[in-house]
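Student: Sequence and computational prediction follow.
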Amino acid sequence: MSRTIKLHEIAHARAGDKGNTSNVSVWAYDPGDYLLLKAQLTPERIKSAFPKLIEGPVMRYELDHLHGLNFVMQDALEGGVNTSLGLDSHGKSWSSLILGLEIEIPDNQRRQSRPST
């Protein structure tokens with residue numbers, strides 16, 4: 001059996017941009033959750049979750065020693081900050097968008113709570 005949770009419950013993320021490319025890194029709070037991230041956060045999943053925002057390919061780099069994944073999304077910023085008519089075409093918003101994705105976790109999986117700030 002499994003249950004659905006929001007990704008932000010087990011991971012945090014940082015994002016940035018350069019031109020029309022956005023970069024997002026996602027890290028598990030608990031190293032034990034890293035395998036869930038690897039299994040469920042595929043380039044295809046990221047691209048299909050935001051079909052109107054990501055027009056180019058999505059590449060994933062696995063950072064096993066850091067328990068994280070790095071995604072590079074091409075053509076994801078409507079041309080970049082200088083060409084977009086959108087309110088915020090910076091890559092910063094991508095970390096919040098990705099952390100809002102739902103993932104499945106086994107009912108018996110121990111998980112660390114999100115750290116308090």
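Tutor: Great, that's in hand.
Student: Any stretches of the protein with poor pLDDT?
Tutor: Along the chain, segments meeting pLDDT under 70 span 77-95, 110-117.
Student: Show me the residue at the heart of the chain, geometrically.
Tutor: What sits nearest the mean C-alpha location of the chain, by C-alpha atoms, centre = their mean, is Ile98, with 3.9 Å.
Student: Could you identify the helix or strand that succeeds the strand or helix carrying that one?
Tutor: Element membership of Ile98, judged by DSSP states H and E, is helix 93-99. For helix 93-99, the following helix or strand on the C-terminal side (DSSP H and E) is strand 102-106.
Student: so what strands line up beside that following strand?
Tutor: Its sheet considered, strand 102-106 pairs with strand 2-6 (antiparallel) by DSSP bridges.
Student: Can you give me the buried ones in the very next helix or strand once past the strand it pairs with?
Tutor: Sequence order places strand 11-18 as the next helix or strand after strand 2-6, per DSSP H and E. Residues Ala11, His12, Ala13, Ala15, Asp17 are the ones in strand 11-18 that count as buried (16 or more other C-beta atoms under 10 Å). (Glycine included, C-beta is placed from N, CA and C.)
Student: Take those and lay them out in TSV including distance to Pro31.
Tutor: Below are those laid out as TSV (distance: C-beta to C-beta, whole Å):
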residue	distance to Pro31
Ala11	11
His12	13
Ala13	16
Ala15	22
Asp17	28
